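Asker: Model the structure of this input:
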Amino acid sequence: MVGRSFERLLAEIESVVTPSAEKERAVVWLDDAKNIGVARNSSGAYEIFLPGDRLVALSSLVERHLQFNEWKDASESKFVATRIVLPAEPHFGPVAAFLAEELFRNGLGVSRTQVAFRLSEPLVEMALRRASLSEPAIVGLIGELRVLGLLLSVAHTPKSRAEVVESWRGYERSTYDFVFGMTAVEVKTVVGVDSNHEISSIGQVDPPRDLEGAPSIQLFLLSQGLSHPPTDAGPGTTFTLRDCVEFVLGKLGSRAPYNEIQELFLDKLRRYGENTGRGYDYETMNEWGVYAVPYVHAFYRIYDMNDPAMLVLRREQLLGTFVVPESTSFKVNLPEKVTGDLNPRSDMAEWAKSLLK
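Answerer: Numbers count the residues shown, from 1 in each chain. Below you'll find the model as predicted:
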């Protein structure tokens, strides 16, 4: 089937029906040998299926988007394939057709699928680069949602739960991830066992101060560590981005229809990371393989950034220089102990309760 035209592939892809049920899909095979299939899920996202052995990508970005599984088509026939998901926006229909044309051009149906895929991978990577959040953004979002879930766990009234959701600012270009009155919390999440973090603005580690130099707010930096699960990780010990979202939704009400505060949360979620590309639309993206990477908890450390013993860059150190303080970005490597057992804290539940008083 080498040489199938882009126009014909696009016409076949645009004929694919969007199913009404979540698990239904009407797969359109783009060649008689069923080397490549296209479907749309109930959210309208484009699914590209490459049957055969599990495909392996050289690009970590592409690899995170590949999902190998057994699937069913509209006739309930089962097939084993690697799936790539593209967003539901209309312009991704031509992108899917372009990818299919490239795969056929590189020998799909003539050579092994892995060879054709490997030759087409640069184009696949280009298509996916702006289709989802980056890995650091996903890790950061998981970290913030875990903190949000913890805060909701100690909020026992509808009013306090609404205040918790209102306090979350991480979805926008805000200095702090959570704000409770005169208390601010910056959440930093890393895959590892050390509190090594990227600081994008000096305000994330140095609270604003009055004319006498005293902090005008209470600033905490919550350092959180995640790890990739061991192969023998038991059930319930791992979590994915979807698990974190479902936990928050469950704390806010029933599954469907969503209530007002759930809708507010999902709207904030959709806007997360928009400044770097796409946000995270849970309703359309929750099944994407890139968002299904499991993690396990490694540590929590709650640093009091008002403590003079926190040896980080402060605005006063830049006075008299030509440096604009808020333009600075740098890395920190925070120790496990700063001031005895007081800084950092690790009593997450008690600390979370203190924020809601």
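Asker: State the distance from His228 to Leu311.
Answerer: Going from His228 to Leu311 by CB to CB, to the nearest Å gives 31 Å. (Glycine included, C-beta is placed from N, CA and C.)
Asker: same check, this time on Glu144
Answerer: Glu144 is 26 Å from Leu311, by CB to CB.
Asker: bridging residues for Lys72?
Answerer: For Lys72, the beta-bridge partners under DSSP bridges are Lys78.
Asker: how many other residues sit next to it?
Answerer: Residues lying near Lys72 (other CB atoms under 10 Å) number 13.
Asker: The one 10 residues further on now?
Answerer: Burial of Thr82 is recorded as 23 neighbouring residues (other CB under 10 Å).
Asker: wait, doesn't it sit right on Phe49?
Answerer: Yes. With contacts counted by CB atoms under 8 Å, Thr82 reaches Phe49, the gap being 7.4 Å.
Asker: So for Glu144 and Leu311, which residue has more residues nearby?
Answerer: Regarding Glu144 and Leu311, a neighbour count based on other CB under 10 Å identifies Glu144 as having more, with 23 against 11.
Asker: Quick one: low-confidence residue ranges for this structure.
Answerer: For the chain, the stretches flagged by pLDDT under 70 are 1-3, 20-24, 74, 110-111, 130, 173, 231-236, 274-278.
Asker: so which helix or strand takes in the residue minimising distance to the centre of it?
Answerer: Residue closest to the average C-alpha location in the chain (CA atoms, centre = their mean): Ile138, at 2.7 Å. Taking DSSP states H and E as the criterion, Ile138 maps to helix 135-153.
Asker: Can you tell me which helices and strands that helix packs against?
Answerer: For helix 135-153, the helices and strands in contact under the criterion 3 or more CB pairs under 8 Å, 6 or more residues apart in numbering; DSSP states H and E are helix 60-65, helix 158-167, strand 178-180, strand 183-191, strand 218-227, helix 241-252, helix 348-355.
Asker: can you give me the offset of it from its chain's centre?
Answerer: 9 Å (CA atoms, centre = their mean, to the nearest Å).
Asker: what does stretch 131-148 give?
Answerer: 4 Å.
Asker: can you check stretch 113-125 too?
Answerer: Remark: stretch 113-125 is offset 25 Å from the chain centroid, using CA atoms, centre = their mean.
Asker: Stretch 285-292 now?
Answerer: That offset, for stretch 285-292, works out to 9 Å (CA atoms, centre = their mean).
Asker: One more: stretch 52-70?
Answerer: In terms of CA atoms, centre = their mean, the centre of stretch 52-70 is set 18 Å apart from its chain centre.
Asker: Just the terminal-to-terminal distance for it.
Answerer: This stretch, stretch 52-70, spans 10 Å end to end (CA to CA, to the nearest Å).
Asker: With stretch 188-206 instead?
Answerer: Start and end residues of stretch 188-206 are separated by 15 Å (CA to CA).
Asker: In that stretch, which residues are buried?
Answerer: Buried residues in stretch 188-206, counted by 16 or more other CB atoms under 10 Å: Lys188, Thr189, Val190, Ser195, His197, Ile199, Ile202, Gly203, Gln204, Val205, Asp206.
Asker: contact partners of it?
Answerer: 139-140, 142-144, 175-176, 186, 219, 221-228, 295, 298-299, 301, 303, 305, 310, 312-315, 318, 325-326, 328-336 (CB atoms under 8 Å, 6 or more residues apart in numbering).
Asker: make it 6 Å
Answerer: Around stretch 188-206, the neighbours that count as contacts under CB atoms under 6 Å, 6 or more residues apart in numbering are 139-140, 143, 175, 186, 223-226, 298, 301, 305, 312-315, 325-326, 328-334.
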